[in-house]
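1. give me the fold of what follows.
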Amino acid sequence: MAKKLSRHAFTTFRGVHAWAGVVGGLLLHVMFLSGGITLFRRQLAARASLAHGGARLMARGQTASHG
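-> All right, here's what the predicted structure looks like:
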């Protein structure tokens with residue numbers, strides 16, 4: 001038969017488990033976000049260049065180069 005944990009040990013483990021979940025979730029979020037940015041870096045760079053200089057190019061009738 002398994003021994004029961006004391007109330008103090010149970011609440012301590014519960015708190016540690018909760019904070020480990022929060023930290024792990026934030027870490028996974030950062031990892032997935034940075035992976036997505038890395039995967040689509042060329043498309044994001046093209047989109048950013050269009051956002052900053054696209055209006056001037058469109059006014060001149062030119063197209064943005066995709067390098």
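2. what residues does V30 make contact with?
-> Listed by CB atoms under 8 Å, 6 or more residues apart in numbering, V30 has no contact partners. (Each C-beta comes from the backbone N, C-alpha and C, glycine too.)
3. buried sites along the helix or strand hosting V16?
-> Here V16 is covered by helix 7-39, with elements defined by DSSP states H and E. Using 16 or more other CB atoms under 10 Å as the test for burial, helix 7-39 gives no buried residues.
4. find the centremost residue of this protein, please.
-> L33 (2.5 Å; CA atoms, centre = their mean).
5. where does the prediction get shaky in this structure?
-> 54-67 (pLDDT under 70).
6. rerun at 90
-> The model of the chain has pLDDT under 90 over residues 1-3, 44, 46-67.
7. quick check: most distant residue from the centroid of it.
-> M1 (44.7 Å).
8. alpha carbons only: can I get stretch 11-29 in CSV?
-> The C-alpha trace of stretch 11-29 is given here as CSV (Å, rounded to 0.1, in the frame of the first residue of the first chain):
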residue,chain,number,x,y,z
THR,A,11,0.7,21.6,-1.9
THR,A,12,4.4,22.1,-2.5
PHE,A,13,4.5,19.5,-5.3
ARG,A,14,1.4,21.0,-6.8
GLY,A,15,2.9,24.5,-6.8
VAL,A,16,6.2,23.2,-8.3
HIS,A,17,4.2,21.3,-11.0
ALA,A,18,2.1,24.3,-11.8
TRP,A,19,5.1,26.6,-12.2
ALA,A,20,7.0,24.0,-14.2
GLY,A,21,4.1,23.9,-16.6
VAL,A,22,4.0,27.7,-17.0
VAL,A,23,7.8,27.9,-17.6
GLY,A,24,7.6,24.9,-20.0
GLY,A,25,4.7,26.4,-21.9
LEU,A,26,6.5,29.7,-22.3
LEU,A,27,9.6,27.9,-23.4
LEU,A,28,7.7,25.9,-26.0
HIS,A,29,6.0,29.1,-27.2
